[in-house]
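K.L.:
Kindly return the folded structure for what I paste below:
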Amino acid sequence: MFEERAAYEVNGKRVTVIGARRSGVAAALLLRSKGADVLVSDRSQVDAESLEALVSAGIATETGGHTARVLDADLVVVSPGVPSDADVVAGAREHKIPVVSELELAFWFCPAPIVAVTGSNGKTTTTTLLGHIFRNAGRRTHVAGNIGVAFSSVVSDAKQDDIVVLEVSSFQLDNIRKFRPDVSVLLNITPDHLDRYGGRFESYAESKFRILENQGREDFAVFNDDDAVVRSGIEASSARSGVTIAPVSLEHPVERGGFVRDKDIIISFTGEEERLMQVKEVSLRGRHNLYNSLAAAVAARVVEVRSDVLRGSLQTFQGVPHRLELVAEIDGVRFVNDSKATNVNSLWYALESFSEKVILIAGGRDKGNDYGPVKELVRQKVRGVVAIGESAEKVVSELGPCAEETVSSSSMEDAVALARTLASPGDVVLLSPACASFDMFDDFVDRGDTFRRIVQNLQS
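P.N.:
So this is what the prediction gives:
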């Protein structure tokens, strides 16, 4: 399955890295270690720690805007946060300078097999679960990508016998050329980030499908066969490339892959069905997490992880921070941090997980959200809505009529206080914003950490 890759020669080349956050800094340091002459350019200011790391490595840096120096390059590497239609990227293309993503760059130098996970929802959980499975199998494992650890920061330490598990976003896939995972996992595709794709769902979906773009017959594609958009795209990709497909389903049996029958998880690969475990034994709750667990199990089986390791891993995995994370129970009210829910579909999955009444904290930077698909679930589950951030007015107008009570808040501290007032014993106060965090916070982690700190302070 795994083919050794020849690294792209960057020694002596002039390379500009656009963006000086985590991925950009890691890309610049990797390039410098390979002998490239590197310039890092960011339209904003760079934090002191990153600037020190770049300067110590002898990397030129410009901040507060891009100058003509960025185009004095043989290659341009863009961080995920830089839109593909940004002026600086368009300028590079006009000058016929190759433009690649940090994901593509790191791939050139990765000696280990890669399992890459993408999807609108569930990719962080599935990626982390796969890391848990491979480590339990005794495999030296590197978990990186969109999950918070830059791919470029781990490739130098990776060995050919290791395994790399990547969470991959559409932004990272936008500028790939040769990126080719040995196993791709495509969980679902629902509207998200439409502000970056001209409001076109089709463009966003095409970006997701690029994870299979360079795969061939010796590679595997694990995918959700119950998602019509995913199934259609996989059928087209596999017909073109011959990639080996391994579907998962909760609705029907599959010939090669995984499915659920009579509350049992079944793995089928060699023409024989194997009952792996009962659904109730899986530690993660909720239908969406069953898809995640099933996809992880099939991807791990492709890499020949034994059944006993799969069972033990699925039984013991504790989930990830900021994804339906119980923070505290105070006066009979549970406070749950789902800050990772940055789109409407994630909110749907979160609400679907609770039988209790919910006080929902939602809002932030809107990404072209359509709240229509979640309104009925809000009517069924949500007692009160607390709206936050730039999109508070939209949240109130769209979801407010679906709940008994709706209020707007000026800060996360105010939102938690209002939610506590609205909640009764037995309720759940759920932070599941359905929006990006950048209006009020550095990222979803900062947002979740802030919520967690405020709730924990209520106990003191």
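K.L.:
Ignoring the adjacent residues along the chain, who's closest to residue 190?
P.N.:
Leaving aside its sequence neighbours, residue 190 sits nearest to residue 345 (C-beta to C-beta, 6 or more residues apart in numbering; 4.0 Å). C-betas here are computed from N, CA, C, even on glycine.
K.L.:
Helix or strand for residue 73, just tell me which one.
P.N.:
Using DSSP states H and E, residue 73 falls within no helix or strand.
K.L.:
now the helices for the stretch 51-200 of the chain?
P.N.:
87-94, 102-108, 123-136, 170-173 (DSSP state H, counting those that start in this stretch).
K.L.:
ok, back up a step: surely the residue nearest to residue 190 meets residue 189?
P.N.:
No. The criterion here is C-beta atoms under 8 Å, and residue 345 misses it with residue 189 at 9.5 Å.
K.L.:
which of the residues in stretch 51-68 are buried?
P.N.:
Buried residues in stretch 51-68, counted by 16 or more other C-beta atoms under 10 Å: 51, 53-54, 59, 61-62, 66.
K.L.:
Where does pLDDT dip in the stretch 351-460 of the chain?
P.N.:
Residue ranges of the stretch 351-460 of the chain with pLDDT under 70: 460.
K.L.:
again, 50 this time
P.N.:
For the stretch 351-460 of the chain, no stretch is flagged by pLDDT under 50.
K.L.:
in it, which spans are strands?
P.N.:
Along the stretch 351-460 of the chain, the segments classed as strands by DSSP state E, counting those that start in this stretch run 358-363, 382-388, 405-408, 428-431.
K.L.:
Neighbours of the residue lying closest to residue 125 once chain neighbours are set aside, how many?
P.N.:
Sequence neighbours aside, residue 292 is the residue nearest to residue 125 in space, at 5.0 Å (criterion: C-beta to C-beta, 6+ apart). Residue 292 has 31 neighbours, counted by other C-beta atoms under 10 Å.
K.L.:
With residue 405 instead?
P.N.:
Going by other C-beta under 10 Å, the residues that sit close to residue 405 add up to 14.
K.L.:
who touches it in this structure?
P.N.:
Residues near residue 405 by C-beta atoms under 8 Å, 6 or more residues apart in numbering: 383-385, 422.
K.L.:
re earlier: who's more crowded, residue 345 and residue 189?
P.N.:
A direct count of neighbours by other C-beta under 10 Å for residue 345 and residue 189 places residue 189 higher, at 26 against 22.
K.L.:
Was I right to think the more buried one contacts residue 208?
P.N.:
Yes. Using C-beta under 8 Å, residue 189 is in contact with residue 208, at 5.3 Å.
K.L.:
low pLDDT regions in the stretch 1-150 of the chain?
P.N.:
1-2.
K.L.:
For residue 339, find the nearest of the strands of the stretch 351-460 of the chain.
P.N.:
strand 428-431 (5.8 Å; C-beta to C-beta).
K.L.:
Tell me how many other residues crowd residue 319.
P.N.:
The burial count for residue 319: 17, using other C-beta under 10 Å.
K.L.:
Run a quick check on it versus residue 125, I expect a contact.
P.N.:
Yes. Using C-beta under 8 Å, residue 319 makes contact with residue 125 at a distance of 6.7 Å.
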